[in-house]
Every structure is written in structure tokens, then in C-alpha cells.
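Visitor: quick one, what's the 3D model for this:
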Amino acid sequence: MRRAPEAIGLVALLFAAGACGAILGLDDVDFDDDDAAVLSHCDNELLDADESAVDCGGSCAGCGEGETCRQDSDCLGGACDEVCGASCSDGARNGDEDGVDCGGTCPLCPGVEDCSEPGDEDGNLLADCADPVCWDSQCVPIPDGWLGPVTLVQARAAPGCPADWEIPFGEGFTGLSAQAAGCEACTCGLPLGGSCDDVLVELFGGGACNGAPKSVVVAGALCEELDQTGVDSIRVPLVMGTPGPCPPAGGKLNAPPPEWTGAVRVCMGTALGECGAGPCTPSPPDGAPVCVTQTGDHPCPETWSDRRPLYQPGGELDTRSCSPCACSAAMDGPCSAEVSLYMSFQCAFPSDKVQSDGLCMNTSSFGLDAVSLSKISPPTGTCAAAGGDPMGAVVPGEAEATVCCLPPRATPP
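Guide: Predicted coordinates:
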């Protein structure tokens, strides 16, 4: 059994050698096939003759507890109720007896079995770990590099360690709980910037913009002189353009901090003695396992298959996030353009303004000698938002300590 260095000075563990190491066998038995006796009906493993159960009752030896019977004389205990009942004189440990024909409702046994000392103190022919009263103890070899035996108790349920497991070895956390990431909805603003095609001004010699234009000029920010006469109507066709990108917004992460819901205390036990394979552990508290431990994150040794990693707050990996917000491109559309008209070549005397709506304007009432582009705006389409989807999760990181426990143990035969 191995102890943490800091625990060695606190406790000295005593072991009783060989308490559970006995191996039952057949000694000094002489099997002589030539002199084998013919089996009687009482030991032929058949239900025959006057037997009430296989090889017992009637003219054979009495039957044990639970065996079929016809009368009291068929039973070792002398009590028949269709099956033989328990007795305090049938030479077997049955009923509520603590030993062979003693304890429970029978007379007290001559002694109480001491699981930590060699010997059959209660006189039931079963010593130490072979005795059912010691089955709560376990003979466990401690793997190299591990400390034990230890057990785990709920740290919030009691301030210290339980009896027989009184050496506190530290505390840790289990049961990582974390909400999935929540993400604010993504939105898109109006397009920023953009581009427009040339703004064309069509000049017609007749009214109502009939026929083909007499000439076409491109309106710009600078004054464009019109060195011609006889212009009676003008028209500015629709100006097509491409909107700029829409700025995305939103997608903010909402992720409350993770929590460790279980706090456990590692308690080291004081061995009852030595049981051949290793220390004979005390009985752990109800529902608690028998374990070994080691600092750091490790796989469990063979047979210690119940792995219980322990963590400290912050010992988790949090990858929760939101996918980036994005905006689709807005659809192309008409720009909003306005052209100023002047009655002088130097654009000194404005006469009117015309919109890029494709409508015809009659100019026969004033002289038109120059034009300039006074205003233009790219299309103002809308964009579709995408993104803002929750991603990632919270998972345990590297354990501060590893506790490996024996699986739940079946009752020995």
C-alpha cells in the first residue's frame, strides 16, 4: 500500500499477514479405483428409494434448509413444512444465523469474527475473508505508482472523512455543466458606397423628345457647354448602378460561465490487515467505492476500470462562439441622379433641374447653353443577413487528479 508523502507522517498502517490468503485444496486424499465402493441410493445423486429429496430424507441423512420433505424426520433441523426449515442444530449456517448453528435466533456464537486477525473467531469454519461477515472488506493489491486504498465521499454532505477512512487527501470537482452558446441575431445596414453608370443627357430638336436625340452629352460635376441651338426638349434616362456592401451587425455571444456541480472528497482508509494480495480495506460508506488515486490525468490500471477524473474550477475547455455575421450583396438598381440646366456657357445662370427618371422636359421657353451633374446617389437596396449560429461546447480539460475505482463487487459465492 502506498501513501502520499505528506500522509506518511500522519498515520502508520498495520497489516495482519495472511488473513485472507488461505487456499482450500485436497490434501492426503487417496483415490483407489480398484477398491471403489458401490454407491448406495443415498449418494447416487438420484431421487430414488424413500428419499424426500436427492440423496436425503427417509432412510438417508436428513435434508438441509429448503430441501423437499414429507415429515420432520426428513430434515436435519427436524422441522418440515413441505420444505425443511432452518435449525440451530443442523450443522449448517442458515436462516439468520451468524455462524454454524449460532447467532440470530440461535444461541450466541462463541466469538465474533475479527476480519483483521488470522483465525476463525466465530467458530463457523470460515476464517476472515472467507467468512461472509468479512465480505464488506476487500483484499486489493495497490498498483505501482498509485496511492490507496481511498474512497470518495460528497464534500458538501459532511465536513470531513468517514470512520476508517479518516485521512483527507484532497477535494476535486466532477459533473461539468454548461449552457449551449446563445447568439444575438445578425442584421445588415444599408449599402455603403456603390457605383453608377454615366449620366446621359439626350437633346432633342423637337418638342416632347420625339424621334432620335439630336445629340447626347455626359453630365459631370464640371460644367458641360452645349455649343448648339435649336434644342427644344431634353431627357435624362434612368442611370443604373451597383450598390456597395452592407455592414453586418449583431451575432454577440451569450454564454454563461460553466459550473462544476459535484464536489467530492478523497479519503484514505486505514487497512484492517493484509490479505495475501494486498491490504484488507475497511468497509467503505454505503454507496462509496474502493479506489486508488494519482495526481494528473492518467488511464486506469487493469481491473480498476471505474475512472473518476477530478478537476479544479477553470479546468475546462470552452470553445463556445458564434459564427461571423455576413450580408449578401444588394441587387443592382437605378441610381438617383439630378442634372442642372443653365442659360449661359459658364453655368452661371441656372434655369431648371431635371431628374434621371426618363421623363421629357420642354426647353423651348428658355435658352439651354450648359449642363452639370448636381447630385447622384447609388442604389439603396437591402441585403440578407447570415451567420450568428452557435458553435463549440464546453468539455473537461486535463484532470488535476485521477481516481480509479473497483467496479461494484458481486457477493462472493
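Visitor: could you list every residue that touches the residue nearest to E67 when sequence neighbours are not counted?
Guide: Closest residue to E67 apart from its sequence neighbours, by CB to CB, 6 or more residues apart in numbering: A53 at 4.2 Å. In this view, the C-beta of every residue, glycine as well, is placed from N, C-alpha and C. When contacts are counted by CB atoms under 8 Å, 6 or more residues apart in numbering, A53 touches L47, C63, E67, T68, C69, D74.
Visitor: in ChimeraX, how would I select the buried members of the residues you listed?
Guide: Those of these that count as buried under 16 or more other CB atoms under 10 Å are selected in ChimeraX with:
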select :63,67,68,69,74
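Visitor: now do the same contact list for R320.
Guide: For R320, the contact set (CB under 8 Å, 6+ apart) comprises A178, A180, A181, L253, A255, P390, M391, G392, A393, V394.
Visitor: flag the shaky bits of this protein, pLDDT-wise.
Guide: 1-39, 95, 98-99, 103, 105, 108-118, 127-139, 227-228, 271-279, 409-413 (pLDDT under 70).
Visitor: direction included, what does the helix or strand harbouring V201 pair up with?
Guide: Here V201, judged by DSSP states H and E, is contained in strand 199-204. Taking DSSP bridges as the criterion, strand 199-204 forms sheet pairs with strand 215-219 (antiparallel), strand 233-235 (antiparallel).
Visitor: quick check: which of those strands is buried the most?
Guide: strand 233-235 (a mean of 22; mean count of other CB atoms under 10 Å).
Visitor: returning to what we had before: ok, the residue nearest to E67 to M268 distance?
Guide: In this view, A53 and M268 are 50 Å apart by CB to CB, to the nearest Å.
Visitor: do the same with A219
Guide: 92 Å.
Visitor: before we move on, what about V395?
Guide: Counting by CB to CB, the gap from V395 to M268 is 30 Å.
Visitor: which of the two has more residues huddled nearby?
Guide: M268 (26 against 12; other CB atoms under 10 Å).
Visitor: apart from its neighbours in sequence, what residue is nearest that one?
Guide: I167 (4.0 Å).
Visitor: how near is that neighbour to S340?
Guide: Computed as CB to CB, the I167 to S340 distance reads 95 Å.
Visitor: count the neighbours of V83 for me.
Guide: Should you count by other CB under 10 Å, V83 turns out to have 17 residues around it.
Visitor: dihedrals phi and psi, the closest residue to it other than its chain neighbours?
Guide: Distance criterion CB to CB, 6+ apart; nearest residue to V83, sequence neighbours excluded, is G66 at 5.4 Å. When read as degrees, to the nearest 10, the backbone of G66 gives phi 90, psi -10.
Visitor: now G66: how far from D55?
Guide: From G66 to D55 the distance is 15 Å (CB to CB).
Visitor: what does V201 give?
Guide: Taken as CB to CB, the span from V201 to D55 is 124 Å.
Visitor: so between the two, which is more surrounded?
Guide: More neighbours surround V201 than the other of V201 and D55, with 23 against 20 (other CB under 10 Å).
Visitor: bridge partners for that one, pull those for me.
Guide: V217.
Visitor: so who does it touch?
Guide: For V201, the contacting residues are V216, V217, V218, A219, E224, I234, R235, V236, V339, V354, V371, by CB under 8 Å, 6+ apart.
Visitor: need the max-distance pair from those residues.
Guide: E224 and R235 (15.8 Å; CB to CB).
Visitor: so G387 is in contact with C188, correct?
Guide: No: between G387 and C188 there is no contact under CB atoms under 8 Å: 10.4 Å.
Visitor: what touches both of these two?
Guide: Here G387 and C188 have P248 as joint contacts, going by CB under 8 Å, 6+ apart.
Visitor: of the two, which one has the most company?
Guide: C188 (21 against 16).
Visitor: right, and the more buried one touches G381 too?
Guide: No: applying CB under 8 Å as the test, C188 and G381 come out as separate, 10.6 Å apart.
Visitor: relative to the whole chain's centre, how far out is stretch 52-61?
Guide: 60 Å (CA atoms, centre = their mean, to the nearest Å).
Visitor: what are the buried residues along it?
Guide: S52, A53, V54, D55, C56, G57, G58, C60.
Visitor: which pair of those spans the longest distance?
Guide: V54 and G58 (11.5 Å).
Visitor: how much space separates P289 from V264?
Guide: From P289 to V264 the distance is 11 Å (CB to CB).
Visitor: can you pull the residues that touch both of these two?
Guide: Joint contacts of P289 and V264 (CB under 8 Å, 6+ apart) are L152.
Visitor: can you give the contact residues for stretch 334-352?
Guide: Here stretch 334-352 makes contact (CB under 8 Å, 6+ apart) with 194, 196-197, 199, 201, 219, 223, 225, 227, 234, 236, 238-241, 353-356, 361, 363, 366-379.
Visitor: which residue, neighbours along the chain excluded, lies closest to P256?
Guide: Q179 (5.5 Å).
Visitor: okay, and the one you found sits in which element?
Guide: Going by DSSP H and E, Q179 is not part of any helix or strand.
Visitor: count residues in the vicinity of it, would you?
Guide: Counted with other CB under 10 Å, residues neighbouring Q179 total 13.
Visitor: for the one 4 residues further on, same thing?
Guide: Counted with other CB under 10 Å, the burial measure for C183 works out to 22 neighbours.
Visitor: residues touching it, list them.
Guide: Contacts of C183 by CB under 8 Å, 6+ apart are G251, K252, L253, N254, C322, S323, G388, D389, P390.
Visitor: next up, the contacts around the third one.
Guide: Taking CB under 8 Å, 6+ apart, we find L253 in contact with A181, G182, C183, E184, R320, S321, C322.
Visitor: do the same with the last one
Guide: By CB under 8 Å, 6+ apart, the contact set of P390 is A180, A181, G182, C183, R320, S321, C322.
Visitor: equivalent analysis for the first one, please.
Guide: Residues touching G251, when contacts are defined by CB under 8 Å, 6+ apart, comprise C183, E184, A185, C186, C322, S323, P324, C325, G387, G388.
Visitor: grab the two from those that are most spread out in space.
Guide: A185 and P324 (13.6 Å).
Visitor: C223 reaches A370, doesn't it?
Guide: Yes: between C223 and A370 there is a contact under CB under 8 Å: 5.3 Å.
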